[in-house]
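Peer 1: I would like the atomic coordinates for the input below:
(2 chains)
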Amino acid sequence: GAVVSQHPSRVICKSGTSVKIECRSLDFQATTMFWYRQFPKQSLMLMATSNEGSKATYEQGVEKDKFLINHASLTLSTLTVTSAHPEDSSFYICSARATGGKDQPQHFGDGTRLSIL
Amino acid sequence: QKEVEQNSGPLSVPEGAIASLNCTYSDRGSQSFFWYRQYSGKSPELIMSIYSNGDKEDGRFTAQLNKASQYVSLLIRDSQPSDSATYLCAVNMWTGANNLFFGTGTRLTVIP
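Peer 2: Predicted coordinates:
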């Protein structure tokens, strides 16, 4: 149980392209989903917290107009990297937390490796 | 002071030995604690969750929690080369934040 599907797993595209990443909880409902990025050999960095039906909460330094988050249902959240540039190249990982409060664990998707040329 | 601290390692143990991973946290009111394993180039995978003081065992893994000392650990018995990964300690702080606080991870290498 507690499977989170993230798609696509890898994206390679030209600078200026917008990229959409989907995160789905397959066998549970997720009131809250989280988006992280991770650079090589570094720790996870939380970008934003996404609550179903409301606006995402962004961490300090993360541009909300650059990283658009939509959490339209209890099983789907999307992250759109708008007008991506080479510095946006990174490993993006989503996680989902089941309904039941903040003591529930987060379950991670497999991540999306984004490379901007 | 970081909210969640772990030794970055690397920690090397021989195959079959016990690997001991440690984590301390700053918020005394924290209620839930998690250990994740992350292989290189992959996303984190939940191994254990623990909520009460004491030990919790699951197969070769034992999580230990001491809230008075603000300390949580993970023991891996009969370590295998496939256990070689980075282990992340995550704490749900009682600060009102909605997210987990992660340590920087301890890199474990099990030597065959």
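
Peer 1: Contacts for the one helix or strand residue A:21 maps to next, please.
Peer 2: For residue A:21, the host element (DSSP states H and E) is strand A:19-25. Outside strand A:19-25, the residues that touch it by C-beta atoms under 8 Å, 6 or more residues apart in numbering or on different chains are A:2-8, A:11, A:13, A:33, A:35, A:74-81, A:84, A:92, A:94, A:96, A:98, A:107, A:109, A:112, A:114. For the C-beta atoms, the positions are set from N, CA and C on the backbone; glycine is no exception.

Peer 1: Buried ones in that strand, by neighbour count?
Peer 2: A:19, A:21, A:22, A:23, A:24, A:25 (16 or more other C-beta atoms under 10 Å in any protein chain shown).

Peer 1: Could you do stretch B:67-77 as well?
Peer 2: For stretch B:67-77, by 16+ other C-beta under 10 Å, it's B:67, B:70, B:72, B:73, B:74, B:75, B:76.

Peer 1: who touches the fifth one in this structure?
Peer 2: Right, the one you point to is residue B:74. Counted by C-beta under 8 Å, 6+ apart, residue B:74 has contacts B:20, B:21, B:23, B:35, B:47, B:48, B:61, B:62, B:63, B:64, B:87, B:89.

Peer 1: Looking at those residues, which are in strands?
Peer 2: By the criterion of DSSP state E, membership of the contacts of residue B:74 in strands covers B:20, B:21, B:23, B:35, B:47, B:48, B:61, B:62, B:63, B:64, B:87, B:89.

Peer 1: Quick check: the third one touching residue B:101?
Peer 2: No. Using C-beta atoms under 8 Å, residue B:23 and residue B:101 do not qualify as a contacting pair, with a distance of 10.7 Å.

Peer 1: picking that back up, just the contacts of strand A:19-25 that are near chain B?
Peer 2: Contacts with chain B are made by A:2, A:6, A:107, A:109 out of those, judged by C-beta under 8 Å from any C-beta of the partner chain.

Peer 1: The helix or strand containing residue A:77 pairs with which strands?
Peer 2: Using DSSP H and E, residue A:77 sits within strand A:76-81. Strands adjacent to strand A:76-81 in the sheet, as given by DSSP bridges, are strand A:19-25 (antiparallel), strand A:67-73 (antiparallel).

Peer 1: Which neighbouring elements make contact with the least confident helix or strand in chain B by mean pLDDT?
Peer 2: Here the helix or strand of chain B ranked lowest by mean pLDDT, DSSP states H and E is strand B:101-102, holding a mean of 91. Judged by 3 or more C-beta pairs under 8 Å, 6 or more residues apart in numbering or on different chains; DSSP states H and E, the packing partners of strand B:101-102 are strand B:85-92.

Peer 1: Next, the buried residues of the strand it packs on.
Peer 2: Those would be B:85, B:86, B:87, B:88, B:89, B:90, B:91, B:92, for strand B:85-92 by 16+ other C-beta under 10 Å.

Peer 1: List the contacts of the nearest residue in space to the last one that is not next to it in sequence.
Peer 2: In other words, residue B:92. Excluding its sequence neighbours, the residue lying closest to residue B:92 (C-beta to C-beta, 6 or more residues apart in numbering or on different chains) is residue B:32, at 4.2 Å. Contact analysis of residue B:32 by C-beta under 8 Å, 6+ apart lists A:102, A:103, A:105, B:49, B:50, B:51, B:91, B:92.
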